[in-house]
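[1] One predicted model, sequence on top.
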Amino acid sequence: MKSHIPRKRFGQHFLTDKALIDGIIDLIDPRAGETLVEIGPGLGALTLPLLARHRPLTVIELDRDLAARLRQRGDVEVVESDVLKVDFRVLAAAKGAKLRVVGNLPYNISTPILFHLLDAVDAVVDQHFMLQKEVVDRMAAAPGGKDYGRLSVMLQWRYGIESVLDVPPEAFDPPPRVDSAIVRMRPLAQPPALDPALLGALVTSAFSQRRKLLRHSLGRWLAERGYAGAFDLQRRAEEVPVGEFVALALEMKKPA
């Protein structure tokens, strides 16, 4: 079988470091009876070790050549699709169980994938992803630093997020020009009952002028909506904890 040439348009970088792969599988810790879904299996660097410890496995692969290779195995369910078009709620319903989602995500569309999965978070047990380290740092960031931003708030309101392993460029073929990391995302058991679209608009406004005080950005947005509460606007967005953004969204959702 001829070797596969990585496709730049798919952001393909294949994991090749066996010791590191074993470490990743240990972090995922697949157990019998669980429903595992892998995004972007590529040449099977994670797929094959996962199969050695857990079956069945469902994979989502856009590259038709790689999807065809995986189908030849006979022990993998292959969904040949753009992951952004996969309805994870429907997939969980078809499996009759919540999903454990794993994968080495294409770095060029990693953020859209994260937000796509956020829409189906109630159908997920947990997520383990390989991502650009810079993105993982932003996802897991605490308030007060340059990494803390819209991505941090919009994921942390719904997940517990932890960076669990750093991965150097030389672990891949071809090596990416950036460092990578494994992130663990566990949906919160009792999330706040807020309107995600409202929180998203609120947070986007807050970080639209992140170097200025909130009164110049979020303050105007709130005033346009008739908000007359006591939210402190004399600080920058990066200083506001996730819980305060959530509380503001809940306060605005209440009938006057």
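    Okay, I see it.

[2] residue boundaries of the strands in the stretch 51-200 of the chain?
    Residue ranges of the strands in the stretch 51-200 of the chain, as given by DSSP state E, counting those that start in this stretch, are 57-61, 76-80, 99-104, 124-132, 159-167, 172-173, 180-187.

[3] Neighbours of R138, how many?
    By other C-beta atoms under 10 Å, the residues close to R138 number 20. Every C-beta, even on glycine, is put in place using the N, C-alpha and C of the backbone.

[4] quick one: it and V153 touch, right?
    No: using C-beta atoms under 8 Å as the test, R138 is too far from V153 to be in contact (10.4 Å).

[5] Let me see the ranges of the helices in the stretch 51-200 of the chain.
    64-71, 88-95, 110-118, 133-140, 150-156, 196-206 (DSSP state H, counting those that start in this stretch).

[6] Confidence-wise, which of those helices is weakest overall?
    With a mean of 90, helix 64-71 has the lowest mean pLDDT of the helices of the stretch 51-200 of the chain.

[7] where in the protein is pLDDT low?
    For the chain, the stretches with pLDDT under 70 are 1-13, 254-256.

[8] For V246, find the nearest of the strands of the stretch 51-200 of the chain.
    Closest approach to V246 among those (C-beta to C-beta): strand 159-167, 13.0 Å.

[9] Can you check what angle separates the closest one from helix 133-140?
    On the basis of axes from the mean of the first three to the mean of the last three C-alpha atoms, to 10 degrees, strand 159-167 is oriented at 160 degrees to helix 133-140.

[10] Just checking: what are the partner strands of strand 159-167?
    As defined by DSSP bridges, the strand partners of strand 159-167 come to strand 180-187 (antiparallel).

[11] Show residues contacting the strand it pairs with.
    By C-beta atoms under 8 Å, 6 or more residues apart in numbering, the surrounding residues in contact with strand 180-187 are 24, 27, 121-122, 124-133, 136-137, 139-140, 155, 158-169, 171-172.

[12] from those, which would you call buried?
    Among the contacts of strand 180-187, those classed as buried by 16 or more other C-beta atoms under 10 Å are 24, 121, 124, 126-133, 136-137, 139-140, 155, 158-159, 161, 163, 165, 167, 171-172.
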